[in-house]
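S.K.: From the sequence below, what's the structure:
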Amino acid sequence: MSRLPTVSGKEMIKFLCNKRGFRLDRQRGSHAIVKGMIGGKEVAIPVPLYDEISIGVRKDIIACAGMSEEEFIREFRR
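M.R.: Okay, here's the model as predicted:
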(Lines give C-alpha, C1' and ligand atoms only; values in the text may rest on other atoms or scores of the structure.)
Protein backbone atom coordinates (compact mmCIF):
# COMPACT_ATOMS: atom_id res chain seq x y z
CA MET A 1 0.00 0.00 0.00
CA SER A 2 1.29 3.43 -0.93
CA ARG A 3 1.60 6.28 1.50
CA LEU A 4 -1.19 8.81 1.70
CA PRO A 5 -0.01 12.15 0.34
CA THR A 6 0.32 15.09 2.73
CA VAL A 7 -2.72 17.28 2.16
CA SER A 8 -3.80 20.68 3.44
CA GLY A 9 -7.42 21.44 4.27
CA LYS A 10 -7.80 23.61 1.16
CA GLU A 11 -6.37 20.85 -1.05
CA MET A 12 -8.75 18.29 0.47
CA ILE A 13 -11.76 20.54 -0.13
CA LYS A 14 -10.65 21.23 -3.71
CA PHE A 15 -10.23 17.48 -4.32
CA LEU A 16 -13.62 16.58 -2.84
CA CYS A 17 -15.43 19.33 -4.73
CA ASN A 18 -13.72 19.03 -8.11
CA LYS A 19 -13.21 15.27 -8.37
CA ARG A 20 -15.84 13.71 -6.09
CA GLY A 21 -18.85 15.97 -6.61
CA PHE A 22 -19.05 17.47 -3.12
CA ARG A 23 -19.83 21.12 -2.53
CA LEU A 24 -18.61 23.55 0.10
CA ASP A 25 -21.57 24.10 2.41
CA ARG A 26 -20.17 26.43 5.05
CA GLN A 27 -17.08 27.50 6.92
CA ARG A 28 -16.70 28.68 10.46
CA GLY A 29 -13.36 29.38 12.04
CA SER A 30 -10.79 26.72 11.19
CA HIS A 31 -13.22 24.11 9.81
CA ALA A 32 -15.31 23.82 6.68
CA ILE A 33 -18.21 21.47 5.94
CA VAL A 34 -18.52 19.83 2.52
CA LYS A 35 -21.68 17.99 1.50
CA GLY A 36 -22.26 15.38 -1.15
CA MET A 37 -24.33 12.35 -2.07
CA ILE A 38 -23.05 8.88 -1.23
CA GLY A 39 -25.28 5.88 -1.83
CA GLY A 40 -28.39 8.03 -2.15
CA LYS A 41 -27.79 9.82 1.15
CA GLU A 42 -26.45 13.32 1.71
CA VAL A 43 -23.26 13.23 3.75
CA ALA A 44 -21.63 16.16 5.55
CA ILE A 45 -17.88 15.93 6.13
CA PRO A 46 -16.01 18.39 8.36
CA VAL A 47 -12.60 19.35 6.98
CA PRO A 48 -10.08 21.21 9.15
CA LEU A 49 -8.42 24.11 7.34
CA TYR A 50 -4.94 23.27 8.53
CA ASP A 51 -1.71 23.46 6.54
CA GLU A 52 -1.35 19.69 7.03
CA ILE A 53 -4.21 17.38 7.98
CA SER A 54 -3.06 14.59 10.31
CA ILE A 55 -2.98 11.04 8.96
CA GLY A 56 -5.87 9.86 11.13
CA VAL A 57 -8.12 12.71 10.08
CA ARG A 58 -7.18 12.17 6.42
CA LYS A 59 -8.18 8.51 6.71
CA ASP A 60 -11.49 9.45 8.35
CA ILE A 61 -12.32 12.00 5.64
CA ILE A 62 -11.48 9.48 2.91
CA ALA A 63 -13.68 6.83 4.54
CA CYS A 64 -16.56 9.29 5.01
CA ALA A 65 -16.28 10.20 1.33
CA GLY A 66 -16.84 6.53 0.45
CA MET A 67 -13.36 5.90 -0.93
CA SER A 68 -10.55 3.49 -0.24
CA GLU A 69 -7.09 4.85 0.49
CA GLU A 70 -5.78 3.43 -2.81
CA GLU A 71 -8.60 5.12 -4.71
CA PHE A 72 -7.78 8.45 -3.02
CA ILE A 73 -4.08 8.15 -3.87
CA ARG A 74 -4.83 7.30 -7.49
CA GLU A 75 -7.35 10.14 -8.00
CA PHE A 76 -5.48 12.77 -5.97
CA ARG A 77 -2.32 12.42 -8.06
CA ARG A 78 -4.14 13.02 -11.36
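S.K.: And for the closest residue to residue 42 other than its chain neighbours, the neighbour number?
M.R.: Take residue 42 and drop its neighbours on the chain: the residue closest to it by CB to CB, 6 or more residues apart in numbering is residue 35, 5.9 Å away. Where you see a C-beta, it was placed from the backbone N, CA and C, and this is true even at glycine. A count of nearby residues for residue 35, using other CB atoms under 10 Å, gives 14.
S.K.: what's in contact with the helix or strand hosting residue 11?
M.R.: Using DSSP states H and E, residue 11 sits in helix 9-19. The set of residues external to helix 9-19 that reach it, using CB atoms under 8 Å, 6 or more residues apart in numbering, is 7, 22-24, 32, 34, 36, 45, 47-51, 53, 58, 61, 65, 75-76, 78.
S.K.: Filter these down to the buried ones.
M.R.: 7, 22, 32, 34, 36, 45, 47-48, 53, 58, 61, 65, 76 (16 or more other CB atoms under 10 Å).
S.K.: Any idea what residue 48 is bridged to?
M.R.: Beta-bridge partners for residue 48, by DSSP bridges, are residue 31.
S.K.: which ones are touching it?
M.R.: Contacts of residue 48 by CB under 8 Å, 6+ apart are 9, 30-31, 57.
S.K.: So which of these wins on neighbours?
M.R.: residue 9 (20 neighbours).
S.K.: how near is that one to residue 63?
M.R.: Distance of residue 9 to residue 63, given as CB to CB, to the nearest Å: 17 Å.
S.K.: Tell me which entries of the buried ones among the contacts of helix 9-19 lie within strands.
M.R.: Residues of the buried ones among the contacts of helix 9-19 located in strands (DSSP state E): 32, 34, 36, 45, 47-48.
S.K.: Which one of the residues you listed is nearest to residue 69?
M.R.: Taking CB to CB as the measure, residue 69 sits nearest to residue 45 out of those, at 15.8 Å.
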